[in-house]
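J.: quick one, what's the 3D model for this:
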Amino acid sequence: MPLAQSGRKPRKERRALADIRQENVTHIISTAERLFAEKGFSGTTLAAIAEEANLPKANVLYYFHNKAGLYQAVLDHILVVWMDDMKSMTEDVHPKEALRNYILAKVQQSKEYPHASKIFATEVIHGAENIRELLGGKLKQQFLDTCRVIRSWIAKGWMDPINPEHLLFMLWSSTQTYADFSAQITTLLGKAEMADEEYENAVELITRVVLKGCGIKTV
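T.: Next up, the predicted model:
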């Protein structure tokens, strides 16, 4: 007798559907990041996002339900990217390597995810109403954890006694400026866009200033 049909899709088919879902979600978030950065939350419509993503509006609503849900997903994505790089700074990694790698990662983020950075900056400038919970929750906890790591480096004599909180503020401002104020930078440089060489120069200079300013020996 033939086995009874369970109604479940074969494993390969389920995996393929999950992959398609993830691809669509990633594509929609990436498209939404750019439009939200260019036009703001109020000036962006789901119809415009769907058109730009070359997907039916119904598909966008299927994954995110409404514009506010999509906007929150964009903000969550930004936070995950930022926090992952902060987590790479641990007590057992010397700051000459940890800070160098973090600065490189942050400048690369400004290069690869400029729209995400601009959205976050705009939110903060306007009072952070849409991200206050994120700032006071996951990001604050990671911020506190990273400050503890920096204090452990100080205790080990790996760097001079400095204020960990303000070191992080300085790192964020000096690296994210290449996304948030890209128009100002390219105008002053007289270029349509920053070349790889400019990003490399930025990483080298910021790293040198931070390591030397914190009394971190590089040899």
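J.: low-scoring stretches of this structure, by residue?
T.: Scanning the chain for pLDDT under 70 picks out the ranges 1-15, 17.
J.: what's the host helix or strand of residue 204 in contact with?
T.: Secondary-structure assignment from DSSP states H and E places residue 204 in helix 196-213. For helix 196-213, contacts defined as Cβ atoms under 8 Å, 6 or more residues apart in numbering pick out 95-96, 99-100, 103-104, 107-108, 110-111, 167, 170-171, 174-175, 178, 189, 218. To be clear about C-beta, it is placed using only N, CA and C from the backbone, and glycine gets the same treatment.
J.: hmm, 10 Å instead?
T.: With Cβ atoms under 10 Å, 6 or more residues apart in numbering as the test, helix 196-213 has contacts from 95-96, 99-108, 110-111, 159-160, 162, 167, 170-171, 174-175, 177-178, 185-186, 189, 191, 194-195, 216-218.
J.: with stretch 27-34 instead?
T.: Under Cβ under 10 Å, 6+ apart, the answer for stretch 27-34 is 44, 46, 48-55, 59-60, 63-64, 67, 70-71, 73-78, 113-119.
J.: repeat that with 6 Å
T.: With Cβ atoms under 6 Å, 6 or more residues apart in numbering as the test, stretch 27-34 has contacts from 49, 52-53, 60, 70, 73-74, 77, 115-116.
J.: list only buried entries from those residues.
T.: For these, a burial check counting by 16 or more other Cβ atoms under 10 Å picks out 49, 53, 60, 70, 73-74, 77, 115-116.
J.: most widely separated two among those residues?
T.: Largest separation among those by Cβ to Cβ: 60 and 116, giving 18.4 Å.
J.: ok so, going back, of the contacts of stretch 27-34, which pair is most distant in space?
T.: 60 and 116 (18.4 Å).
J.: any idea how this protein splits into domains?
T.: As assigned by automatic domain parsing, the chain contains the domains 10-65, 74-213.
J.: distance of residue 212 from residue 32?
T.: In this structure, residue 212 and residue 32 are 40 Å apart, going by Cβ to Cβ, to the nearest Å.
J.: more neighbours: these two, which one.
T.: Neighbours were counted for residue 212 and for residue 32 using other Cβ atoms under 10 Å; residue 32 has more, 27 against 11.
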